[in-house]
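Peer 1: What follows is a predicted structure for the sequence shown.
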Amino acid sequence: MPERARRPRILLVGPYERDNVGDLLFLLVTERYLTDADVVAAAPFASDMRALLGREIPALGPLLARERFDAIWSVGGQLGGVTVPRAYRMSASRAAYRAYRLAARSGAGEAALRRAAGGPPPRWPYVPDPLDYPPNAGAIGVVNSAGLGSLRRLDDDERGRRLALLRGQTVVRVRDRASSELLAAAGVDHRLGPDAVHALGAIYPVRREGPGDVAIVQVSRAIVTALGRDEIVAALAGCEALRGLRLRLVAAGTATGHDSLPECERIARRLRRAAPWLDARVVGERRPLELVELIARARVVVATSLHVRIIASAYGVARVSLRRGKVSAYAADWDPDMPCDVGLAQLDAAIAGALAQAARPESAARSAQLARRAHDELVDLATEVLALAWGDTEATRARRAALRQRLRLGPAARAS
């Protein structure tokens, strides 16, 4: 069998150029299922991500223009309505984004974005159109674990273009019912399933010593502003359910529009004065799998981030989500056992309820089943894409069956 058929080239596309734990986990989880392929991760804008991912992330436009891939695999996140300027705002330094805004005011914004992207960026930043890149015009297209509800915010023309691009994908999988309903109404063939990050519970075992004595708290900068720092401090300090636990504040992401470690420090300082028994401290760790291990070993997690909740779910950790529409909608579909849409006045009762629920064997079983479902769906997707890249022959059918068996057996089999 020729080498290229034996080792397909797959381009994983996503927001891998910035610090946001959920987006980076999409990459780290997905590539665990593609060990029989040569995988390259790319984003709309190049970035040095060695500190968090151990690698540099290239800009996808120039890469697609000069190199050929068997598949272009876009994975995860609320990518439906993201525009190129918004993607750049979340990726660029403050100084670089200010320079872009100045250029945009003088009519040179598009040229500034081209320079930042190393060429014309894809019109839909995280779902490039293969037809725009001649070497990849016939590539397999995959959109997985996506949230697409924000397509509704776009004007009719742009929404129509993006829906047409989705119709041309080989596989589209979405993670929430609202996205599924939107695509069904537009006649886009797709599948609905849980977020891919749930699969961590199946592929990345974390050793726990007892139930743990740490409470993790994560609150985005926007929600701190909306609820009030002092109000958040008072609510946490008044939680009897947190007595006996050490409180650790974490950031789900430090990219623009996400969380703030300095804000975490301000909350921690006030908590140490208001409730010294909580031993409130900030965890500055930014590497995704280190954060996963911290969350997996916690006793309870209070968060506004969807993926902090999903990580906790993957390991059966008690979890409470403060009020946020995206998280509440996802939890209603996939994780209804644990409290969500919680206001500060209900926080203590919600934490107590989550701890009680997590102690029930059936709750742990449901978390494990959800992790296994996400794992099985990634096995199916990976083997489907590799089969298409290899072609349908007797030899590749045998290879596909062996691969599927190896992936389904989990990390122990892959390590052997």
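Peer 2: Here it is on my side, so go on. In this text the structure is predicted, and so the values were computed from the model without any measurement.
Peer 1: Going by C-alpha atoms from here, please, whenever you check contacts or count neighbours.
Peer 2: Fine.
Peer 1: can you give me the strands for the stretch 301-416 of the chain?
Peer 2: Assigned by DSSP state E, counting those that start in this stretch, the strands in the stretch 301-416 of the chain fall at 318-321.
Peer 1: what do you get for the stretch 151-300 of the chain?
Peer 2: Secondary structure of the stretch 151-300 of the chain (DSSP E, counting those that start in this stretch): strands located at 171-174, 191-192, 214-218, 246-249, 281-282, 300-303.
Peer 1: before we move on, what about the stretch 1-150 of the chain?
Peer 2: Secondary structure of the stretch 1-150 of the chain (DSSP E, counting those that start in this stretch): strands located at 9-13, 38-42, 47-49, 55-57, 71-78, 140-147.
Peer 1: Can you give me the end-to-end span of stretch 209-228?
Peer 2: End-to-end span of stretch 209-228 (CA to CA, to the nearest Å): 35 Å.
Peer 1: my bad, should have said stretch 213-231
Peer 2: Taking CA to CA, stretch 213-231 runs 24 Å from one end to the other.
Peer 1: and Gly193, how far is that from Asn20?
Peer 2: Counting by CA to CA, the separation of Gly193 from Asn20 is 22 Å.
Peer 1: ditto for Arg161
Peer 2: Using CA to CA, we find Arg161 at a distance of 28 Å from Asn20.
Peer 1: Compare these two and say which is more crowded by neighbours.
Peer 2: Using other CA atoms under 10 Å as the criterion, Arg161 and Asn20 rank with Asn20 on top: 24 against 13.
Peer 1: Pick the most buried one from the strands of the stretch 151-300 of the chain.
Peer 2: Among the strands of the stretch 151-300 of the chain, the stretch with the highest mean neighbour count (mean count of other CA atoms under 10 Å) is strand 300-303, at a mean of 28.
Peer 1: Kindly export that one (C-alpha atoms) in CSV.
Peer 2: Output in CSV follows, covering the C-alpha atoms of strand 300-303 (Å, rounded to 0.1, in the frame of the first residue of the first chain):
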residue,chain,number,x,y,z
VAL,A,300,-17.0,20.1,43.7
VAL,A,301,-16.7,22.5,40.9
VAL,A,302,-18.6,25.8,40.6
ALA,A,303,-18.2,27.4,37.2
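Peer 1: Strand partners (parallel or antiparallel) of that strand?
Peer 2: Here strand 300-303 has these sheet partners by DSSP bridges: strand 214-218 (parallel), strand 318-321 (parallel).
Peer 1: What would the shortest one look like as CSV? C-alpha coordinates only.
Peer 2: Extracted as CSV, the C-alpha positions of strand 318-321 are listed here (Å, rounded to 0.1, in the frame of the first residue of the first chain):
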residue,chain,number,x,y,z
ALA,A,318,-20.0,17.3,41.6
ARG,A,319,-20.6,20.4,39.5
VAL,A,320,-22.7,23.6,39.7
SER,A,321,-23.0,26.1,36.9
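Peer 1: ok now that strand, how far from the chain's centre?
Peer 2: 18 Å (CA atoms, centre = their mean, to the nearest Å).
Peer 1: List the contacts of that strand.
Peer 2: Outside strand 318-321, the residues that touch it by CA atoms under 8 Å, 6 or more residues apart in numbering are 299-305, 309, 312-313, 327-328, 338-342, 350-351, 354-355, 357-358.
Peer 1: Going by neighbour count, list what's buried in it.
Peer 2: Residues of strand 318-321 classed as buried: 318-321 (neighbour count, 16 or more other CA atoms under 10 Å).
Peer 1: of those, closest to Glu181?
Peer 2: Ranked by distance to Glu181 (CA to CA), the buried residues of strand 318-321 are led by Ser321 at 24.4 Å.
Peer 1: Can you name the residues that contact the nearest residue to that closest one once chain neighbours are set aside?
Peer 2: The shortest distance from Ser321 to any non-neighbouring residue, by CA to CA, 6 or more residues apart in numbering, is to Cys340 (4.4 Å). With contact taken as CA under 8 Å, 6+ apart, Cys340 is in contact with 320-323, 327-328, 331.
Peer 1: Please tell me how far Cys340 sits from Leu347.
Peer 2: Separation of Cys340 from Leu347 (CA to CA) stands at 10 Å.
Peer 1: Same check on Asp176?
Peer 2: As judged by CA to CA, Asp176 and Leu347 stand 26 Å apart.
Peer 1: same question, Arg177
Peer 2: Arg177 is 27 Å from Leu347, by CA to CA.
Peer 1: More neighbours: which of those two?
Peer 2: The neighbour count for Arg177 versus Leu347, taken as other CA under 10 Å, is higher for Leu347 (22 against 19).
Peer 1: Please look at that one and Ala234 and confirm they touch.
Peer 2: No - the pair Leu347 / Ala234 is not scored as a contact, 10.8 Å apart, by CA atoms under 8 Å.
Peer 1: hang on, the earlier thing: tell me which of the strands paired with strand 300-303 approaches Ala185 most closely.
Peer 2: strand 318-321 (30.2 Å).
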